[in-house]
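Trainee: Sequence plus the predicted model coming up.
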Amino acid sequence: MANSGNQPSFVDQGNDFDISDKTMAPHRRLTGQVLTILTMVFAAAVVMPLLWVLVSVFQKGVSSLVFPDIFTKLPPPPGLSDGGFGHAIVGTLMTLGVGTLISVPFGIIAAIYLAEFGRGTKLAYFVKFSCNVLTGVPAILCGLFAYSIVVTPLGSFSAFSGGVALAVLMLPIIIRSTEEALLLVPNELRLASTGLGATRFETVVQIVLPAAVTSIVTGVVLSVARASGEAAPLLFTSFNNNFWATNIWEPVATLPVLIYFFSILPYKASQSLAWAAALVLLAIVLLFSIAARYFSRRKTF
Amino acid sequence: MTSADPSTRLTDHSLEKQTSPARVLDVGFWGLTLLLAISAGAVLLWVIVQTAIAATPAIQEFGLGFLWGTTWNPVTNVYGVLPQIYGTIVTAFIALLIAIPLGIGVAIFLTEGFAPNWVTTPIAFAIELIVAIPSVVLGIWGIFVLIPAIKPVFSFLNTYLGWIPIFSGNAAPGNSILIVGLVLAIMIVPIIISITRSTFEVLPPYLRNGSLALGATRWETILRVLIPAGLSGIVSSVMLAMGRAMGETMVAAMLIGNANRINISWLRPGSTITGLIASQFGEAGRTQVAALMYAGVVLMILSLVVNILAEIIIRRFQNVE
């Protein structure tokens, strides 16, 4: 349906009847042509911002991207130039690491229930519904949530609390993609495994999960890509830090938050660091997304 | 739940009694998955309840008056979010105004065979990539690239269409409600496209063929048969997009100008709930944190209503299929 091959041909040359659009009432033909051109213009208009963003981030970012300074140096004091944002890259990895460690096992095991044991039950319906709604919950509210369950009790901003906020964001994506991946595994495999005397635990762990592993990894990579670009939930959880952070109980700088803070500073040097950080972040996120899409095309079954 | 009870199933299907450790592992695993599935379902509830608890001091102090108060003054501890609610709704409205026709048009372009695959595939791919652009990157792009580039357009609107209230005001277009609406439109168009597209793709082929056989043109088929038939899918995509637009934070925080008043003019700065929380939370005192949490609860309710409606519409639509 998505391609032109399925469209009926309006011109049938072997016939006496001319049913091509030339015999159509002019206003009908014209409306169609105008609308067709309009959708093409729309398609171009939708793709244009992507190209515009990519080109400007590349142009502005690449000039201030000094290797290896961006990985090894700290940002300069306000007003001065040079420096890098290595600490923010480390901080991003820390918050993402915490988020992934919490949400991946949690999400995969919960999805196993939805796809394997509780298929079609009321509980599964409720969990799926709740996950879908959770996907739509604004990211900043995940930050408020993590603030009130981690930052307030511990009394300090921390990489850990940022990870908790990201985990809430990632969880529904992982659950939904894992569930879909498991549902794609043919039922014959489960029956064969059970028929050979395997328990359900053995069936799931040794047969079903390995069969679905590519799709599950795709979902995990997508969720990491989504989380790595989020600044809003980190503003008041991992907060910011101008120095190298050493443990997950301290505030850390992350790339998105650094871009936000530096872009609204009135100093040229800070702004160009923000652009360089934007280039690095965009490259990471797009690479992750493209990789995930590439893997998702390679179907196991 | 009885059919999923492990003990009955195992005895039903196994010829011999399972060895004990394997059985314990099996039942334990089943229990673990059940437990985590319940917890995953409860996370949403936990997020709602926890935010509400954190907001309790402010809810008790300001009550419902918070919703129509127009001052936000940390010094005197007087808080109201009407300008922010207004800004949230208006920016989402502008975004939808732009994104709905674009989204539906592009979805039609991609599904109804107006271009060969080698044209539509890269376009579809590019649209998917827009979703991946971090909002903070769109924010910095908005500040340093889009605002300078679009300034002439804004002055034009202001000069020639200034008699319309939404384009009135001083011609100092920079951070403004309209710019946020524009960038939000870029962010939500892919949502509308992808859901509308899959809606069109699952419409039964006889609708299309029947209409064409009756002599309708391709566009008459699209406008009078396919769009009405897929309306529930389109509506739910619009709802999801609206939820996304209302909850988007960084674009609003960086581009709206955080002016704590209700401006009728779209060319003037405004404020949104998300922008307010993002810009004030860092240096907030105790009461202000509670007030910001209260603002978060308001945002939560707005987005829950929109998202749950979208979910219900999608489900109803799926049942029809």
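Mentor: Okay, I see it.

Trainee: can we go C-alpha only for contacts and neighbour counts from here?
Mentor: OK.

Trainee: Write out the residues of the stretch 201-321 of chain B neighbouring chain A.
Mentor: B:201, B:217-220, B:240, B:243-244, B:246-250, B:254, B:274, B:278, B:281-282, B:293, B:296, B:300, B:303-304, B:307-308, B:311 (Cα under 8 Å from any Cα of the partner chain).

Trainee: contacting residues around the residue nearest the centre of chain B?
Mentor: Closest to where the C-alpha atoms of chain B average out (Cα atoms, centre = their mean) is B:R244, at 1.4 Å. Contacts for B:R244 were tallied using Cα atoms under 8 Å, 6 or more residues apart in numbering or on different chains; they are A:136, A:138, B:188.

Trainee: Turn these into TSV, columns for secondary structure, pLDDT and neighbour count.
Mentor: Putting these into TSV (DSSP: H, G, I helix; E, B strand; the rest coil; pLDDT from 0 to 100; neighbours: other Cα atoms under 10 Å in any protein chain shown) gives the following:
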residue	secondary structure	pLDDT	neighbour count
A:G136	helix	88	22
A:P138	coil	93	25
B:I188	helix	95	27
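
Trainee: what would those residues look like in CSV with distance to B:F62?
Mentor: Shown next, in CSV, are those (distance: Cα to Cα, whole Å):
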residue, distance to B:F62
A:G136, 28
A:P138, 24
B:I188, 34
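
Trainee: Would you map the strands across chain B?
Mentor: Assigned by DSSP state E, the strands in chain B fall at B:72-73, B:78-79.

Trainee: who wins for proximity to chain A among those strands?
Mentor: Distance to chain A, taken as Cα to the nearest Cα, is lowest for strand B:78-79 among these, at 18.2 Å.

Trainee: so how far is the closest one off the chain centroid?
Mentor: Relative to the chain's own centre, strand B:78-79 is displaced by 28 Å; criterion: Cα atoms, centre = their mean, to the nearest Å.

Trainee: neighbours around the residue nearest to A:W244 when sequence neighbours are not counted, how many?
Mentor: Using Cα to Cα, 6 or more residues apart in numbering or on different chains and skipping the chain neighbours, the partner closest in space to A:W244 is A:H87 (5.1 Å). When neighbours are counted by other Cα atoms under 10 Å in any protein chain shown, A:H87 registers 25.

Trainee: Spit out the contact partners of A:H87.
Mentor: Contacts for A:H87 (Cα under 8 Å, 6+ apart) come out as A:71, A:73-74, A:242-245, A:252-254.

Trainee: Cross those residues against helices and list the overlap.
Mentor: Counting by DSSP state H, the part of those found in helices is A:F71.

Trainee: Show me the contacts of A:H87 that map onto strands.
Mentor: Assignment to strands by DSSP E places none of those there.

Trainee: pLDDT below threshold where in the stretch 1-150 of chain A?
Mentor: Scanning the stretch 1-150 of chain A for pLDDT under 70 picks out A:1-22, A:78-80.

Trainee: need the helices for it, in chain order.
Mentor: In the stretch 1-150 of chain A, the helices defined using DSSP state H, counting those that start in this stretch lie at A:26-62, A:69-72, A:86-112, A:122-136, A:139-146.

Trainee: Turn the ones you listed into a markdown table, including distance to A:A212.
Mentor: Below are the helices of the stretch 1-150 of chain A laid out as a markdown table (distance: least, Cα to Cα, whole Å):
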| stretch | distance to A:A212 |
| --- | --- |
| helix A:26-62 | 32 |
| helix A:69-72 | 36 |
| helix A:86-112 | 11 |
| helix A:122-136 | 19 |
| helix A:139-146 | 29 |
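
Trainee: what's the most buried one of those helices?
Mentor: Of the helices of the stretch 1-150 of chain A, the one with the most neighbours on average (mean count of other Cα atoms under 10 Å in any protein chain shown) is helix A:139-146, at a mean of 28.

Trainee: Next, the contact list for whichever residue of the stretch 201-301 of chain A sits closest to chain B, please.
Mentor: Among all residues of the stretch 201-301 of chain A, A:G229 sits closest to chain B, at 4.6 Å; criterion: Cα to the nearest Cα. Shown in contact with A:G229 (Cα under 8 Å, 6+ apart): A:256, A:281, A:285, B:133-136.

Trainee: Can you pull the phi/psi pair for it?
Mentor: Main-chain torsions, A:G229, degrees, to the nearest 10: phi -90, psi 0.

Trainee: what about A:Q206, neighbour count?
Mentor: Here the number of neighbours of A:Q206 (other Cα under 10 Å) works out to 13.

Trainee: so where do the helices sit in the stretch 1-150 of chain B?
Mentor: B:6-13, B:20-62, B:65-68, B:82-111, B:117-132, B:135-141, B:147-160.

Trainee: Please report how far the closest residue in space to B:A295 that isn't next to it in sequence lies from A:A146.
Mentor: Leaving aside its sequence neighbours, B:A295 sits nearest to B:I273 (Cα to Cα, 6+ apart; 6.5 Å). Remark: distance between B:I273 and A:A146 (Cα to Cα, to the nearest Å) = 18 Å.

Trainee: swap in B:L203?
Mentor: From B:L203 over to A:A146 the distance is 42 Å, taken as Cα to Cα.

Trainee: Check B:I188 too.
Mentor: Look at B:I188 and A:A146: by Cα to Cα, they are 26 Å apart.

Trainee: now swap in B:F66 and tell me
Mentor: Applying Cα to Cα, the value for B:F66 to A:A146 is 24 Å.

Trainee: got it, and B:V180?
Mentor: Using Cα to Cα, B:V180 is found at 27 Å from A:A146.

Trainee: pretty sure A:L171 is touching A:P105, no?
Mentor: No - counting by Cα atoms under 8 Å, A:P105 is not a contact partner of A:L171; they are 9.6 Å apart.

Trainee: Quick check: residues of the stretch 201-301 of chain A near chain B?
Mentor: Within the stretch 201-301 of chain A, the positions near chain B by Cα under 8 Å from any Cα are A:201-202, A:225-226, A:229-232, A:235-236, A:256, A:259-260, A:263-264, A:275, A:278, A:282, A:285-286, A:289.

Trainee: and those residues, which are buried?
Mentor: A:201-202, A:225-226, A:229-232, A:235-236, A:256, A:259-260, A:263, A:275, A:278, A:282, A:285-286, A:289 (16 or more other Cα atoms under 10 Å in any protein chain shown).

Trainee: Among these, which are located in helices?
Mentor: Mapping those onto helices (DSSP H) picks out A:201-202, A:225-226, A:256, A:259-260, A:263, A:275, A:278, A:282, A:285-286, A:289.

Trainee: Report the two of those separated the most.
Mentor: Within these, A:E202 and A:S263 form the most distant pair, 52.6 Å apart (Cα to Cα).

Trainee: now A:K128: how far from B:L44?
Mentor: According to Cα to Cα, A:K128 and B:L44 sit 11 Å apart.

Trainee: So how do I select the buried members of the residues of the stretch 201-321 of chain B next to chain A in ChimeraX?
Mentor: A single ChimeraX command selects the buried members of these (16+ other Cα under 10 Å):
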select /B:201,217,218,219,220,240,243,244,246,247,248,249,250,254,274,278,281,293,296,300,303,304,307,308,311
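
Trainee: Among the residues of the stretch 201-321 of chain B next to chain A, which ones are in helices?
Mentor: Mapping those onto helices (DSSP H) picks out B:201, B:218-220, B:240, B:243-244, B:246-247, B:250, B:254, B:274, B:278, B:293, B:296, B:300, B:303-304, B:307-308, B:311.

Trainee: Quick check: A:S270 touching A:F262?
Mentor: Yes - proximity of A:S270 to A:F262 meets the contact threshold set by Cα under 8 Å, at 5.2 Å.

Trainee: Which one's more surrounded, the two?
Mentor: The neighbour count for A:S270 versus A:F262, taken as other Cα under 10 Å, is higher for A:S270 (26 against 22).
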